[in-house]
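Novice: Would you be able to build a 3D model of this:
(chains A, B, C and D)
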There are 2 protein chains.
Amino acid sequence: MLSQKARYALHALFVLAGRTIGEPVMIAEIALKARVPRKFLEQILLDMKRRGILTSVRGKHGGYTLGRPADQISFAEVIRAIDGPLALAPCASVTAYRRCGDCVDEETCAIRKVLLAARDATASVLETRMISEALSERAPAAKRPRARAPAIAG
Amino acid sequence: MLSQKARYALHALFVLAGRTIGEPVMIAEIALKARVPRKFLEQILLDMKRRGILTSVRGKHGGYTLGRPADQISFAEVIRAIDGPLALAPCASVTAYRRCGDCVDEETCAIRKVLLAARDATASVLETRMISEALSERAPAAKRPRARAPAIAG
DNA sequence: TTATACTCTATAAACTCTGTGGAATAACCG
DNA sequence: CGGTTATTCCACAGAGTTTATAGAGTATAA
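Specialist: Here you go, the predicted model:
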């Protein structure tokens, strides 16, 4: 399951996706529109800023704005930024591989084999789905690219 | 990520998969072979018993045994028994659907749409991979069915 | 210089994960 | 039949994580 934090992050990005890039939106407004507790949202936005998903402007008339167009920010990237790897075990992660303690022999580990397949399946969906999808609800759906590459990371 | 508990559960099942069904194996032995803390394992086995994955015999000469053949117990079932739904949000789960608090309009929720797709992808892998895979490591691999149905549950 | 906003650190309540001690149950033995 | 031993079953507790909240610090515009 995603954490509450990750769901908040996505909602916040949806708000920003509807605004012009480069024109900062105040935390207070994002909190209101995305229905996220304000102080908690601050932490979340900061996390995403550090990951390069958002950029911020400090001081009066400051706020947050997308770091790049909404159709270049995938669900996968957001989830990884907030909740960590998509994979179901450290040893099955591509972006944050760590050997897992249990594993006696990683090469033949039956669990790992299956979890790698699961990760690939999940990643092939989440890598190709972009934040801009939130917008195409109202407008006639913009054509979305469909699982072309064999899942790059996770 | 899977919990430690879920990984322990899989390891324990692998041990039982190598034994004759109906002949109970003591927790102590499973703990040793699967390298799981004994008392913690008790809880895990009990959980799986309640879910019908295992059956137990109490008292002297008691122990645990698979509730059905290893090729009829999927990774998905085990993970659900221990960690809950495969889906990334309650509203995207098929086996344990719950409306999620955030969702203003579930029908058009962009998050839900994507998470449903992710769930289907994950489930189509984990539903078709069985505990018996752990055995086919040593013997020449028994042919495994490959994603036939369009993912029944999750 | 002041008002406004983001940024950072500390704190706390609620919850989940991991693990443990003791009660309940069944077989064995005299 | 009744006590002893072997085993599963159940309830709880400590540690860590998640979900916030509060407030001092810092940058910027007017």
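Novice: list the contacts for the residue lying closest to residue A:92 once chain neighbours are set aside?
Specialist: Nearest residue to residue A:92, sequence neighbours excluded (Cβ to Cβ, 6 or more residues apart in numbering or on different chains): residue A:115, at 3.8 Å. C-betas here are computed from N, CA, C, even on glycine. For residue A:115, the contacting residues are A:87-89, A:91-92, B:2, by Cβ atoms under 8 Å, 6 or more residues apart in numbering or on different chains.
Novice: Need the residues you listed in CSV (columns: secondary structure, distance to DNA strand C and pLDDT).
Specialist: Below are the contacts of residue A:115 laid out as CSV (DSSP: H, G, I helix; E, B strand; the rest coil; distance: Cβ to the nearest atom of the strand, whole Å; pLDDT from 0 to 100):
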residue, secondary structure, distance to DNA strand C, pLDDT
A:87, coil, 16, 97
A:88, coil, 13, 97
A:89, coil, 11, 95
A:91, helix, 15, 93
A:92, helix, 16, 95
B:2, coil, 8, 95
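Novice: Quick one, which of those are buried?
Specialist: Neighbour-count burial (16 or more other Cβ atoms under 10 Å in any protein chain shown) is assigned, among the contacts of residue A:115, to A:87-89, A:91-92, B:2.
Novice: Widest-spaced pair of these?
Specialist: Greatest spatial distance in the buried ones among the contacts of residue A:115: A:91 and B:2, 10.9 Å, computed using Cβ to Cβ.
Novice: Next up, the contacts around the residue lying closest to residue A:2 once chain neighbours are set aside.
Specialist: Once flanking residues are discounted, residue A:2 sits nearest to residue B:88: 4.8 Å by Cβ to Cβ, 6+ apart. Residue B:88 is in contact with A:1-2, A:79, B:115, B:118-119, counting by Cβ under 8 Å, 6+ apart.
Novice: can you rerun that using 10 Å?
Specialist: A:1-2, A:6-7, A:75, A:79, A:83, A:86, A:122, A:126, B:111-112, B:114-116, B:118-119, B:122 (Cβ atoms under 10 Å, 6 or more residues apart in numbering or on different chains).
Novice: returning to what we had before: now do the SS call for the residue nearest to residue A:92.
Specialist: Here residue A:115 is recorded as helix under DSSP: H, G, I helix; E, B strand; the rest coil.
Novice: Find me the pLDDT at the most centrally placed residue in chain A, would you?
Specialist: Closest residue to the average C-alpha location of chain A: residue A:78 at 1.2 Å, with Cα atoms, centre = their mean. Among the per-residue scores, residue A:78 shows a pLDDT of 98.
Novice: So which residues of chain A form strands?
Specialist: For chain A, the strands defined by DSSP state E occupy A:54-57, A:63-66.
Novice: could I get the first one in PDB with only the CA atoms?
Specialist: Once non-C-alpha atoms are left out, strand A:54-57 reads as follows in PDB (Å, rounded to 0.1, in the frame of the first residue of the first chain):
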ATOM      1  CA  LEU A  54       9.300  20.500  -8.000                       C
ATOM      2  CA  THR A  55      11.100  23.800  -7.800                       C
ATOM      3  CA  SER A  56      10.400  26.500  -5.200                       C
ATOM      4  CA  VAL A  57      10.600  30.300  -4.800                       C
END
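Novice: Let me know whether that strand sits next to chain B.
Specialist: No. Strand A:54-57 does not reach chain B (Cβ under 10 Å from any Cβ of the partner chain); its nearest approach is 17.9 Å.
Novice: Does that strand reach DNA strand C?
Specialist: Yes. Judged by Cβ under 7 Å from any atom of the strand, strand A:54-57 comes into contact with DNA strand C at A:56-57.
Novice: And residue A:112, how close does it get to residue A:120?
Specialist: According to Cβ to Cβ, to the nearest Å, residue A:112 stands 13 Å off from residue A:120.
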